[in-house]
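[1] build me a structure from this.
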Amino acid sequence: MIKFIRENSYLIVKLMLNQFGMTVFGLILALATNANETLLLITGLFAFFMYMFLLYTVVWEEGSKHKIRVDGGREKYKPLNGLWLGICANIPNFIVAVLLNIGYIFGKADGLFQMEWAGNLFAVMSAVARLINGMYLGLVQLYSPYNPIAFLLIIIPGVAMCTFGYYTGTKHFGLKGLFVLEKSDKDSKKSKSK
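    Numbering: from 1, shown residues only. Sure, this is the predicted structure:
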């Protein structure tokens with residue numbers, strides 16, 4: 001795992017920086033529309049899908065480059081690289097979510113343990129989790145504002161999108177092509193005649 005992180009550190013950092021950018025974007029949208037549930041849902045979905053699209057494009061490009069190296073005989077085919085990239089890029093999210101859940105279990109005021117340190121841990125990690133996962137904040141606020149398990153579950157879409165993006169990149173199949181308008185034969189003949 002350490003070797004994989006070292007070899008792919010640039011891409012992992014790039015994925016983390018994309019998360020940071022989308023966190024700021026998602027926080028701004030969530031804070032701006034917090035008073036209206038419909039707007040919060042729309043902006044929450046928009047931030048979520050923008051983040052998924054960013055993950056997809058970054059990892060698709062890496063999968064496409066990997067396919068070229070495999071076809072050239074310079075590398076062995078590694079179909080799980082996308083999964084590992086998603087997991088490595090989400091290590092901070094996972095650590096925060098685990099600490100948040102530990103704090104919740106052991107520090108809940110009406111719970112079994114009621115430990116003060118755990119309650120403080122929960123409060124701090126709750127704030128950190130909301131800050132580093134701002135792109136999900138609108139959806140979390142609407143559907144699971146007090147459930148710490150939600151911060152473990154929101155890791156899954158990012159890892160799944162990295163896996164999917166890498167796989168489609170190795171197959172040179174892209175979803176981006178669905179959104180790009182292509183010139184028709186008539187348009188290309190007109191531009192050649194000019």
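[2] quick check: longest helix of this protein.
    Criterion DSSP state H: the longest helix present in the chain is helix 37-71.
[3] next secondary structure after it?
    Beyond helix 37-71 in the direction of the C-terminus, DSSP states H and E gives the next helix or strand as helix 81-89.
[4] the helix or strand just after that following helix to helix 81-89, inter-axis angle?
    Beyond helix 81-89 on the C-terminal side, the first helix or strand identified by DSSP H and E is helix 91-107. Here helix 91-107 runs at an angle of 50 degrees relative to helix 81-89 (axes from the mean of the first three to the mean of the last three Cα atoms, to 10 degrees).
[5] starting at the chain centroid, how far to helix 91-107?
    Its chain's average C-alpha position is 18 Å from that of helix 91-107, according to Cα atoms, centre = their mean, to the nearest Å.
[6] residues making contact with it?
    Residues from elsewhere that reach helix 91-107, judged by Cβ atoms under 8 Å, 6 or more residues apart in numbering: 16, 19, 111, 113-126, 128-129, 132-133, 148-149, 151-152, 154-155, 158. Just so you know, the C-beta spots here come from the backbone N, C-alpha and C atoms, and that holds for glycine as well.
[7] helix or strand for the residue nearest to the spatial centre of the chain, which one?
    Centroid-nearest residue in the chain: Gly158, 3.6 Å away (criterion: Cα atoms, centre = their mean). Using DSSP H and E, the secondary-structure element containing Gly158 is helix 155-170.
[8] packing partners for that helix?
    In this structure, helix 155-170 makes packing contacts with helix 37-71, helix 81-89, helix 91-107, judged by 3 or more Cβ pairs under 8 Å, 6 or more residues apart in numbering; DSSP states H and E.
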